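Novice: structure here, sequence nowhere to be found:
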């Protein structure tokens, strides 16, 4: 695999937290024009790489061939990417910065889970903006284990970013947003589980959309998954400490929420164990409905 050990001055090495280091670029028209030109070159190199990978195979393609196809020299390639595998994921650094800025600028009154959902939607839009390229990338990643491993590492960066944000919201003193109860000693667990759930929902919806050839309203599908997550992890709007184990429909009154909580906590010690089976690509709401139906059927039996 083609690699270099140093990074050219024209490209900033990623910071330790996964975000690209900030360079002192001019924010005026000249700086914006230069940034647009750099972004275009990255896209040209990534497109050339994808076309060569598709036509002659990933392992058989060299950096020299990618550079030649894009009409630039080999050294120009390494100003933008450190390896040919990095050219498969050209947009994630910029998207990660955009998502981090979105989290940082969110209003304190906005529900933290809603903020995280808005953040992951930026990632979805990155893929949806170029359906053809995204579908080709997905097919290639499925065939090359090294690319799959890198994709997993990229996904982990978003999950860490969301977890840090949620933990920060728990630690912020002052007014707690309406409908959001503190989890106390479970704060860190709830932050990690919520961040992982949002990222997993995004990945599930994205893969289903990519397998369909990039057709359909993918944002609507993601919004539906968000609603399932809200009902599952953050549904209770009743006053007082957070209850665990209850699934309450959005908009439920305090009385309804307490009733659902009581029902969930009233299982007898002698209750039987129920096991359900679901496909890994099944929509989350379908899985939840299947579990609910199985429980109801067991009670009637």
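Specialist: Everything's here; your move. Everything quoted here is computed from the prediction, not taken from an experiment.
Novice: CA only for contacts and neighbour counts going forward, please
Specialist: Noted.
Novice: neighbouring contacts of the strand or helix carrying residue 210?
Specialist: Element membership for residue 210 (DSSP states H and E) is helix 187-211. Applying CA atoms under 8 Å, 6 or more residues apart in numbering, the contact partners of helix 187-211 are 113, 116-117, 120-121, 124, 134-135, 138, 155, 158-160, 162-164, 166-167, 170, 183, 215-216, 218, 221-222, 225-226, 229, 233, 281.
Novice: got the angle between the next helix or strand after it and helix 187-211?
Specialist: Sequence order places helix 218-233 as the next helix or strand after helix 187-211, per DSSP H and E. Counting by axes from the mean of the first three to the mean of the last three CA atoms, to 10 degrees, helix 218-233 lies at 150 degrees to helix 187-211.
Novice: helix 218-233 - contacts with which helices or strands?
Specialist: Packing contacts for helix 218-233, counted by 3 or more CA pairs under 8 Å, 6 or more residues apart in numbering; DSSP states H and E, involve helix 112-128, helix 187-211, helix 284-300.
Novice: mean pLDDT lowest where, among those helices?
Specialist: Among these, helix 284-300 carries the lowest mean pLDDT, at a mean of 66.
Novice: so which bits of the helix or strand hosting residue 79 are buried?
Specialist: If you go by DSSP H and E, residue 79 is part of helix 74-80. For helix 74-80, the neighbour count (16 or more other CA atoms under 10 Å) marks 77-80 as buried.
Novice: export the residues you listed to TSV and tack on distance to residue 193 and pLDDT?
Specialist: Listed next are the buried residues of helix 74-80 as TSV, based on distance: CA to CA, whole Å; pLDDT from 0 to 100:
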residue	distance to residue 193	pLDDT
77	39	95
78	38	94
79	38	92
80	35	90
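Novice: C-terminal to the helix holding residue 79, what's the next element?
Specialist: helix 92-104.
Novice: run through who's touching that following helix.
Specialist: For helix 92-104, contacts defined as CA under 8 Å, 6+ apart pick out 19-20, 115-116, 119-120, 122-123, 126, 154, 158, 161, 165.
Novice: where does pLDDT dip in the stretch 51-200 of the chain?
Specialist: Applying pLDDT under 70 to the stretch 51-200 of the chain flags residues 171-185.
Novice: again, only using 80
Specialist: Within the stretch 51-200 of the chain, the stretches with pLDDT under 80 are 90, 170-187.
Novice: for residue 116, see how far away residue 222 is.
Specialist: Residue 222 sits 13 Å away from residue 116, going by CA to CA, to the nearest Å.
Novice: TSV for the contacts of helix 92-104, including distance to residue 97 and neighbour count?
Specialist: Shown next, in TSV, are the contacts of helix 92-104 (distance: CA to CA, whole Å; neighbours: other CA atoms under 10 Å):
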residue	distance to residue 97	neighbour count
19	6	19
20	8	16
115	15	22
116	14	24
119	11	23
120	12	23
122	11	16
123	11	20
126	13	15
154	13	16
158	10	22
161	10	20
165	14	21
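Novice: looking at the buried residues of helix 74-80, which one is closest to residue 289?
Specialist: Within these, proximity to residue 289 (CA to CA) peaks at residue 80, which comes in at 47.3 Å.
Novice: so that closest one is in contact with residue 42, correct?
Specialist: Yes - judged on CA atoms under 8 Å, residue 80 makes contact with residue 42 at a distance of 6.3 Å.
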